[in-house]
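In: attaching a predicted model along with its sequence, questions to come.
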Amino acid sequence: MKLSRTFLALASTVISISANADQICHIANAGFYMESAGNGVLVDTVIDQGLTGYVQPSKPLLEKIEKGQTPFDTVQLVLVTHYHADHFDPTSTLRHLRNNANAQYIMPPQTFEMVKKLGLTDQEAERIHTPLPDMDGNPQSYEFHGIKVEAYRISHGANRPIENLGYKVSFDNSFSFFHPGDMSTTTEQLSSVGLSKAPVDYLLLPFWTGLNEDSQSMVKASWNAKHIIPMHFQEENREWMQQYGGPVGVQKAARNAWGNSISLTGEMNCLPMEQ
């Protein structure tokens, strides 16, 4: 794959982009904000309490997200992959839902039930969509304000009853991205839901998929990605990381696994989109 000289420079240089630009911004952990033509999408971002060992949004940034303040006043869609606390917070999500009356939400039923327990009006619940395709079934599709979404069921791990959704999001006349959540699956399972050399501009990948040859082969068989952004890096220096030289070594190994990888970490660091 041949990348432009400009894009190769962007791969190592993160820059901040103004509002209403075609961009992808890292929030924290596996959370991102994407925008095209003034329409924004949040994925696994509205998190208050978080989970030990994983970065979460700073309090000032979270307040902006929840209140829909610039640049998050563009948000038309909020996606949640699953209910784990490093991806989702029901209280924070409810605050966002009530402050942003035009935003639609897509999340698994397990996740919806956690928000519902906090108290939802019928009108609020109408803005939350809860697909759950079969583990070997077709994705469910939605479209909001020119944003097309396909929700795929992707395993979070064998014998784990966690409803994990992967999302392909396509902006009209612009770029597409895929966020698989915390996938721990097989080439066969991904193929059974229609992910076989699936084309996408930006593939957001949990870091562990780059650390062994089997998972690398699975990714290559399942997606045809122009660019890969490794994500979900752990902050804590855990024992298993020593084989890579610690957390920084893990990040380097996860990125070096892909010839088309982009480094995008840090709060509200953004990149302009190329198709």
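Out: Sure thing, it's come through.

In: next up, phi/psi of the residue most central in space within the chain, please.
Out: Most central in the chain under C-alpha atoms, centre = their mean is H179, positioned 4.2 Å from the mean C-alpha point. Main-chain torsions, H179, degrees, to the nearest 10: phi -120, psi 110.

In: quick check: bridge partners of it?
Out: Taking DSSP bridges as the rule, H179 bridges to Y167.

In: ok, the closest residue to G53 other than its chain neighbours - how many residues close by?
Out: Residue nearest to G53 in three dimensions, not counting chain neighbours: E236, with 4.3 Å by C-beta to C-beta, 6 or more residues apart in numbering. C-beta: built from backbone N, CA, C; applies to glycine. Residue neighbour count, defined by other C-beta atoms under 10 Å, stands at 9 for E236.

In: distance of E236 relative to Y54?
Out: Counting by C-beta to C-beta, to the nearest Å, the gap between E236 and Y54 amounts to 9 Å.

In: ok, A253 next?
Out: For A253, the distance to Y54 under the criterion C-beta to C-beta works out to 19 Å.

In: so which of the two has more stuff around it?
Out: Ranked by neighbour count (other C-beta under 10 Å), A253 and Y54 place Y54 first, with 20 against 17.

In: let me see the contact set for the closest residue to the more buried one other than its chain neighbours.
Out: Across the structure, with C-beta to C-beta, 6+ apart as the measure, the residue nearest Y54 apart from its sequence neighbours is D86 (4.2 Å). If a contact means C-beta atoms under 8 Å, 6 or more residues apart in numbering, then D86 has N29, A30, I47, G50, L51, Y54, Q56 as its contacts.

In: selecting buried members of those in PyMOL, what would you type?
Out: What follows is the PyMOL syntax selecting those of these that are buried according to 16 or more other C-beta atoms under 10 Å:
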select buried, resi 29+30+47+50+54+56
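
In: turn the contacts of D86 into TSV, columns for pLDDT.
Out: Supplementary listing: these in TSV, determined by pLDDT from 0 to 100:
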residue	pLDDT
N29	95
A30	96
I47	91
G50	77
L51	80
Y54	87
Q56	91
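
In: report the buried residues of stretch 169-178.
Out: Of the residues in stretch 169-178, those with enough neighbours to count as buried (16+ other C-beta under 10 Å) are V169, S170, F171, S174, F175, S176, F177, F178.

In: just flag the most distant two among these.
Out: The most widely separated members of the buried residues of stretch 169-178, counting by C-beta to C-beta, are S174 and F178 (14.7 Å).

In: nearest to G137 among the buried residues of stretch 169-178?
Out: For those, the minimum distance to G137 (C-beta to C-beta) is 17.6 Å, reached by F178.

In: so who does the closest one touch?
Out: Each residue near F178 by C-beta under 8 Å, 6+ apart is listed here: G166, Y167, K168, V169, A198, V200, Y202, L203, L204, W223, A225.

In: shaky segments in the protein?
Out: In the prediction, the chain carries residues with pLDDT under 70 at positions 1-20, 275.

In: I'd say G157 and S184 touch.
Out: Yes - using C-beta atoms under 8 Å as the test, G157 is close enough to S184 to be in contact (3.9 Å).

In: higher neighbour count, these two?
Out: S184 (18 against 12).

In: hang on, that one packs against L190?
Out: No - the pair S184 / L190 is not scored as a contact, 11.5 Å apart, by C-beta under 8 Å.

In: can you report how many residues lie near the residue lying closest to V219 once chain neighbours are set aside?
Out: The shortest distance from V219 to any residue that is not its chain neighbour, by C-beta to C-beta, 6+ apart, is 5.5 Å, and that residue is T209. For T209, the tally of surrounding residues (other C-beta under 10 Å) stands at 23.

In: which of the contacts of F178 sits closest to N102?
Out: Lowest distance from N102 to the contacts of F178 (C-beta to C-beta) belongs to V169, with 17.4 Å.

In: just confirm L203 is within a strand.
Out: Yes - when DSSP: H, G, I helix; E, B strand; the rest coil is applied, L203 is found to be in a strand.

In: hang on, isn't it packed against I228?
Out: Yes - with contact defined as C-beta under 8 Å, L203 counts as touching I228 (5.0 Å).

In: give me the common contacts of those two.
Out: With contacts defined as C-beta under 8 Å, 6+ apart, the residues adjacent to both L203 and I228 are V219.
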